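# what follows is a predicted structure for the sequence shown.
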Amino acid sequence: MHSSVSTQKQLMKSRQVLSGIIVVDKPPNISSAKLVADLKRLLHARKVGHAGTLDPFAEGVLICCINNATRLARFLLSGNKVYDATLKLGIETDTQDMTGTVIAVNPVTDLPEASIKSAIQKFEGQIEQQPPVFSALKHKGTPLYRLARMGTPVQKPARQVHISKIKILEIKLPLIRFEISCSAGTYIRALCADIGKQLGCGGHLLALRRTASSGFKIQQALTLQQIAERVKAGESNRLLIHMADALTDMPTCIAGEELIEKIRHGKQLKKSDVIIDRSSKKQDEKENIKIVDSNNILLAVLNYEKNTDRISYACVFVN
């Protein structure tokens, strides 16, 4: 009985911390880091992080993780993304977007719509993409964009990304607006530059809006002003998406008291301890499992491997 009461006290304590996910509609001309700092002040939060940087000129879905939920960012970073992008043909820049220095200007001839569609479709599927030299990727601890600005650009090796679909929304030369669904790690700037090369005239990314990330859509996003209004109205808790609900793609196990106690004390778990509701989701060779209580409070995330009986801890939220 004492064990049960102790566990419930720990859970009640963890619930008092304002933790969860807020989907923010990032405006242009502000860095993701600045937005996170503004949100932290607004919520009086101990910690705020984000799951997937947007360039300062870009806008749209930025998943922000509040307090304990910052530990979930790594699970959200790898989710698929959807963007609304505008490519401007005929002008190449060193950054591959509209913020850079123009390095080449080429005439844009009357390109047939069929030729444009054919060129763009070549980038669907699994492709090799060269990361931009102006990017947040690091070389020996230094972001590439800093090295590029110092005149010592470093080109990282090409890597595989997956583009599931590119839908052309409007062609009004020299502009092409399209929607793209892609894997995490895809650079839309690099894609625009590559499409421009494919069409023989070069090009750069003119505008970018992220409309979905890791299952969260722009319709769920709030502006900083809307968030400020709700905080002022005393509705901070209603802003948050619960941590368990944020991990939409993870199989779920609803823990009983015995499993809660094992997790709380960090005991070794076996597959027989964890009954998983996969909701028709096929098991992967390796995957993460979310453990929740009967009230859908996230207790832990576990590493689950198909060919072993043991389960390891990824992160635990029960003290």
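It's in.
# which strand or helix spans Leu39?
For Leu39, the element it lies in under DSSP states H and E is helix 32-43.
# next, the buried residues of that helix.
By neighbour count with 16 or more other Cβ atoms under 10 Å, helix 32-43 contains the buried residues Ser32, Leu35, Val36, Asp38, Leu39, Lys40, Leu42, Leu43. Every C-beta, even on glycine, is put in place using the N, C-alpha and C of the backbone.
# over to stretch 18-37?
By 16+ other Cβ under 10 Å, the buried positions in stretch 18-37 come out as Leu18, Ser19, Gly20, Ile21, Ile22, Val23, Val24, Asp25, Lys26, Ser32, Leu35, Val36.
# and which of those residues is nearest to Ile311?
Closest to Ile311 out of those is Ser19 (23.8 Å), distances taken as Cβ to Cβ.
# OK, contacts around the closest one?
For Ser19, the contact set (Cβ atoms under 8 Å, 6 or more residues apart in numbering) comprises Ile66, Asn67, Asn68, Ala69, Leu240, Met243.
# from the buried residues of stretch 18-37, which shows the smallest pLDDT?
In terms of pLDDT, the lowest of these is Leu18, showing 83.
# isn't that one up against Leu43?
Yes. Here Leu18 reaches Leu43: they are 6.8 Å apart, a contact under Cβ atoms under 8 Å.
# any common contacting residues for these two?
Ile66, Ser236.
# what average pLDDT does stretch 311-319 get?
Stretch 311-319 shows a mean pLDDT of 89.
# also stretch 97-113?
93.
# one more: stretch 289-300?
Per-residue scores along stretch 289-300 average to 93.
# report the buried residues of it.
Using 16+ other Cβ under 10 Å as the test for burial, stretch 289-300 gives Ile289, Lys290, Ile291, Val292, Asp293, Ile297, Leu298, Leu299, Ala300.
# distance of the nearest residue to Ser164 once chain neighbours are set aside from Leu169?
Leaving aside its chain neighbours, Ser164 sits nearest to Ser181 (4.6 Å; criterion: Cβ to Cβ, 6 or more residues apart in numbering). Going from Ser181 to Leu169 by Cβ to Cβ, to the nearest Å gives 13 Å.
# one step back: so of the contacts of Ser19, which ones are in helices?
Using DSSP state H, the members of the contacts of Ser19 that fall within helices are Met243.
# show me the two of the contacts of Ser19 that sit farthest apart.
Every pair of those checked by Cβ to Cβ; the farthest is Asn68 and Leu240, at 11.0 Å.
# sorry, back to before: okay if I get the buried residues of stretch 289-300 as CSV plus distance to Thr308 and secondary structure?
Output for the buried residues of stretch 289-300, formatted as CSV (distance: Cβ to Cβ, whole Å; DSSP: H, G, I helix; E, B strand; the rest coil):
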residue, distance to Thr308, secondary structure
Ile289, 14, strand
Lys290, 19, strand
Ile291, 18, strand
Val292, 23, strand
Asp293, 26, coil
Ile297, 28, coil
Leu298, 24, strand
Leu299, 22, strand
Ala300, 18, strand
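# looking at these, which one is closest to Lys47?
Nearest to Lys47 among the buried residues of stretch 289-300, with distances taken as Cβ to Cβ, is Leu298, at 16.2 Å.
# my guess is the closest one contacts Ile289. True?
No. In this structure Leu298 lies outside contact range of Ile289 using Cβ under 8 Å: 11.4 Å.
# now for the residue nearest to Ser164, how many residues are close by?
The tally of other residues near Ser181 (other Cβ atoms under 10 Å) stands at 18.
# before we move on, what SS does Pro56 have?
Secondary structure, DSSP: H, G, I helix; E, B strand; the rest coil: Pro56 is coil.
# that one: neighbour count?
Neighbours around Pro56, by other Cβ under 10 Å: 16.
# what sits closest to it if chain neighbours are left out?
The shortest distance from Pro56 to any non-neighbouring residue, by Cβ to Cβ, 6+ apart, is to Ser31 (4.8 Å).
# please apply the same query to Leu208.
Here the residue nearest Leu208, using Cβ to Cβ, 6+ apart, is Ala58, at 4.2 Å.
# swap in His242?
Nearest to His242 is Gly20, by Cβ to Cβ, 6+ apart, at 5.6 Å.
# what kind of secondary structure is the residue nearest to Ser164 in?
strand.
# low-confidence ranges in the stretch 51-200 of the chain?
135, 144, 148 (pLDDT under 70).
# 90 instead?
Flagging of the stretch 51-200 of the chain using pLDDT under 90 yields the residue ranges 52, 78, 109-110, 130-159.
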